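# A predicted structure for the sequence below; I have some questions about it.
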Amino acid sequence: MVSSYKTFTLTEQLTNEQISFFNEHGFIHFKKFINPETVSSIIDASKQVEQNWIENDLQKVNGVPIKYGKDLDGAAIVQRFAFINQHHQTLSGLLLDPRFNALLPLAGDDARLGTEEKDGMVFNHYINGPESKFTKMGWHTDGLRDIFYGGKLNPMLNVGIHLSTLKPENGGLKIIPGTHKQSIYQMLFRKKYFLDNKPDSEEVSINPEAGDLTIHDGRLWHRVAESSIRGEESRRRVIYVPIIAGKYAPKNENSPTVFYQRFAGIVK
């Protein structure tokens with residue numbers, strides 16, 4: 001298991017070294033993308049959206065189910081928000097940072113931030129407590145989405161904006177570098193989707209600090225490992241925004257729930 005890798009600083013233009021690293025490994029990690037004050041304002045914004053959704057018993061956003069759970073004190077919380085950028089200007093404003101434009105060419109020509117497509121800006125809130133329902137996620141690739149949508153397998157990158165500092169015992173994102181170049185067969189059958197959460201001898205642990213930004217190719221095999229610690233120290237928040245190439249396919253409030261999201265119960 002690889003425990004360390006090179007990290008970089010993101011400016012308004014990627015360097016040749018950064019592009020080469022990403023193309024080879026399928027991921028890249030940028031330090032200190034946002035400052036602690038911005039991290040705090042984003043978390044505060046998510047709490048405002050959460051309160052609104054709970055009060056209104058909102059179940060889906062643009063066809064995407066909302067994942068609710070319980071906090072350590074038993075209070076209801078949202079553990080997976082979809083399209084949260086459409087519900088608070090702090091979150092939509094974050095996406096105006098010009099450094100995002102530097103990332104788009106990694107997905108090819110005509111790439112864009114998927115603010116109105118797929119699941120939009122996703123905000124995940126993990127907590128390992130007695131009533132937690134969202135503590136881990138088994139091995140998967142995001143390429144499966146395009147197969148379920150019945151479309152061509154277009155490049156899709158996941159930009160992660162990390163709002164918590166992780167130690168190895170916090171679990172978190174594990175990836176298998178280089179698997180973004182695998183065949184469709186390997187994408188479908190190398191692992192049992194979502195059911196398998198066992199460590200892989202080739203996996204790399206992404207251990208960001210709050211404010212860091214990561215990108216991984218959606219075709220990579222990746223999982224979210226459960227925290228080995230419980231309680232407040234296990235709390236972890238992360239935002240994901242897709243970078244998409246191919247046909248523009250926005251969602252709205254009338255969008256149907258796609259096939260694979262009906263099995264969201266197996267994603268724990």
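Done, it's in. Numbering: from 1, shown residues only.

# so where's this protein uncertain?
When residues are selected by pLDDT under 70, those of the chain lie in 1-3, 145-153, 185, 258-268.

# how about the helices in the protein?
16-25, 36-55, 89-94, 99-103, 143-148, 184-189 (DSSP state H).

# can you give me the buried ones in the third one?
I take that to be helix 89-94. Buried residues in helix 89-94, counted by 16 or more other Cβ atoms under 10 Å: 90-91, 94. Yep, even glycine has a C-beta here, placed from its N, CA and C like the rest.

# likewise for the last one?
With burial defined by 16+ other Cβ under 10 Å, the residues of helix 184-189 counted as buried are residue 187.

# ok, longest strand in this structure?
strand 236-244 (DSSP state E).

# that strand: how far from the chain's middle?
Using Cα atoms, centre = their mean, to the nearest Å, the mean C-alpha position of strand 236-244 is found 4 Å from that of the whole chain.

# direction included, what does it pair up with?
For strand 236-244, the pairing partners within the sheet under DSSP bridges are strand 112-113 (antiparallel), strand 122-126 (antiparallel), strand 156-162 (antiparallel).

# output it in CSV with nothing but the alpha carbons.
Extracted in CSV, the C-alpha atoms of strand 236-244 (Å, rounded to 0.1, in the frame of the first residue of the first chain):
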residue,chain,number,x,y,z
ARG,A,236,-15.6,14.5,8.2
ARG,A,237,-17.0,16.8,5.5
VAL,A,238,-16.1,16.9,1.9
ILE,A,239,-17.5,18.5,-1.3
TYR,A,240,-17.4,16.9,-4.7
VAL,A,241,-18.0,18.7,-8.0
PRO,A,242,-17.8,16.9,-11.3
ILE,A,243,-15.9,18.1,-14.3
ILE,A,244,-17.7,16.7,-17.4
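
# ok, now which ones touch residue 169?
If a contact means Cβ atoms under 8 Å, 6 or more residues apart in numbering, then residue 169 has 227-229 as its contacts.
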